[in-house]
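Asker: Sequence plus predicted model, see below.
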Amino acid sequence: MARLTLTAFLTLDGVMQAPGGRDEDRSGGFDHGGWLVPFADEDMGRFVTEVFDRAGAFLLGRRTYEIFASYWPRVTDPGDPIASRLNTLPKYVVSRTLAKADWHNTHLVGDDLAETAARLGERPGPEVQVHGSARLAQGLIARNLLDELNLLVFPVFLGKGRRLFPEGGAPTAYELTGHRTTSTGATIQTYRPTGPAEFGTFALPE
């Protein structure tokens, strides 16, 4: 059974919108695209390569799919650890509006996330990976469908933009299963959901 995992790049205030370029995603009037680029280093690249090495398939939202499809097919080096997997492994795209997807080995799926996650979980291989895809990631988190979250948090505050954890989500506890820090001060944290959040109090007894 394949695990369903998420890898997301976040700012200190939880924004995950348009990390890689100014025009990557301007929806909602977002004008801070490319905020990750000054912090990219070999440590980050090494971790991302490790993640892609475990991929058996990808589950992507429409916007992230279109961003990837405009870039990665043009990277034709078979030795590139990311392009070689994105260009060959199955890609499943959750979209209500995309009529067709021409990138090799791409499959359009419906927006029933529970059904899609269950079906993809039956695939052979270690992981079905979600990268970016904010709305998709939020839906999977809300339905407790992710087996693992890789959160790369960069030392920058933006004050606006689409966040991974929106208001109104179900309180959930996580176990930290991995942690490292990059040379530019980003923290890489891997979490496994363990169930509903628990609550207590520091108040003195009456």
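Answerer: Cool, the structure landed.
Asker: now the nearest residue to residue 197 once chain neighbours are set aside: how far from residue 68?
Answerer: Closest residue to residue 197 apart from its sequence neighbours, by Cβ to Cβ, 6 or more residues apart in numbering: residue 171 at 3.7 Å. Glycine gets a C-beta too; all of them are placed from N, C-alpha and C. According to Cβ to Cβ, to the nearest Å, residue 171 stands 32 Å off from residue 68.
Asker: could you pull out the strands for the chain?
Answerer: 3-10, 55-61, 91-94, 106-109, 127-131, 148-153, 172-181, 187-196 (DSSP state E).
Asker: Mean neighbour count, those strands: which tops it?
Answerer: For the strands of the chain, the largest average neighbour count (mean count of other Cβ atoms under 10 Å) is found in strand 127-131, namely a mean of 24.
Asker: Can you name the residues in contact with that one?
Answerer: For strand 127-131, contacts defined as Cβ atoms under 8 Å, 6 or more residues apart in numbering pick out 2-8, 51-52, 54-60, 64, 68, 92, 120-121, 136-137, 140, 146.
Asker: do stretch 91-109 as well
Answerer: 57-62, 65, 68-69, 73, 87-90, 110-111, 113, 116, 120, 128, 133, 136.
Asker: Buried among the residues you listed? Make that a ChimeraX selection.
Answerer: A single ChimeraX command selects the buried members of these (16 or more other Cβ atoms under 10 Å):
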select :57,58,59,60,61,62,65,68,69,87,89,90,113,116,120,128,133,136
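Asker: I'd like to know which of the contacts of stretch 91-109 are part of helices.
Answerer: 62, 65, 68, 69, 113, 116, 120, 136 (DSSP state H).
Asker: my guess is residue 198 meets residue 172, correct?
Answerer: No - in this structure residue 198 lies outside contact range of residue 172 using Cβ atoms under 8 Å: 10.5 Å.
Asker: nearest residue to residue 56 other than its sequence neighbours?
Answerer: Using Cβ to Cβ, 6+ apart and skipping the chain neighbours, the partner closest in space to residue 56 is residue 125 (2.4 Å).
Asker: If I look at the one you found, what pLDDT would I see?
Answerer: The model reports residue 125 with a pLDDT of 77.
Asker: Distance check, it against residue 110.
Answerer: 22 Å.
Asker: same question, residue 48
Answerer: 29 Å.
Asker: ok, now residue 83?
Answerer: In this view, residue 83 and residue 110 are 28 Å apart by Cβ to Cβ.
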